[in-house]
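# Build me a structure from this.
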Amino acid sequence: MFIARNDQPVDMLSIHPLLLSDHPCVVADSTVSYRPVIVLWRAFDVVAFAEDLRRSELVTSVPADVDASSESDCYSTTWPALLDKHAPLTMKRAKER
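Coordinates of the predicted model:
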């Protein structure tokens, strides 16, 4: 399995047949660029984050007959939005060595 970002495509080169495992060997090529990022935790406002979480759909709209799929979708949209608002990633300059 390959997990890549949208801006870092993976070129599949070949898939070899099963040999010693029940999983085929996948050969791929990808250009990976390392961009260090940080979160400025000193600026994180816990009270504001907790208040926004309390008012979010994740907490306020939980129906009695909730299914795992809809709850997962809600979690997958609400949680990143809250983190982007309260703890955004900041690009860090890489030091030359």
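# State the distance spanning the first to the last residue of stretch 38-49.
18 Å (C-alpha to C-alpha, to the nearest Å).
# buried stuff in that stretch?
By neighbour count with 16 or more other C-beta atoms under 10 Å, stretch 38-49 contains no buried residues. Yep, even glycine has a C-beta here, placed from its N, CA and C like the rest.
# Check what pLDDT Arg93 gets.
We have a pLDDT of 68 for Arg93.
# Kindly report the same for Asp73.
84.
# separation between it and Val37?
Going from Asp73 to Val37 by C-beta to C-beta, to the nearest Å gives 26 Å.
# Quick one: mean pLDDT for stretch 28-46?
77.
# what's the helix or strand for Val47?
Following DSSP states H and E, one finds Val47 within helix 46-55.
# residues making contact with that helix?
Contacts with helix 46-55, where a contact means C-beta atoms under 8 Å, 6 or more residues apart in numbering, come from 59-60, 82, 85-87.
# How about stretch 70-86?
Contacts of stretch 70-86 with the rest of the structure, by C-beta under 8 Å, 6+ apart, involve 44-45, 48-49, 52-53, 56-58, 61-62.
# mind listing what's buried in that stretch?
With burial defined by 16+ other C-beta under 10 Å, the residues of stretch 70-86 counted as buried are 74, 78, 86.
# May I see these arranged in a markdown table, with distance to Val27 and secondary structure as well?
Formatted as a markdown table, those follow (distance: C-beta to C-beta, whole Å; DSSP: H, G, I helix; E, B strand; the rest coil):
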| residue | distance to Val27 | secondary structure |
| --- | --- | --- |
| Cys74 | 38 | helix |
| Thr78 | 38 | helix |
| His86 | 41 | helix |
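# mind checking how far Trp79 is from Pro17?
If you go by C-beta to C-beta, the gap between Trp79 and Pro17 works out to 41 Å.
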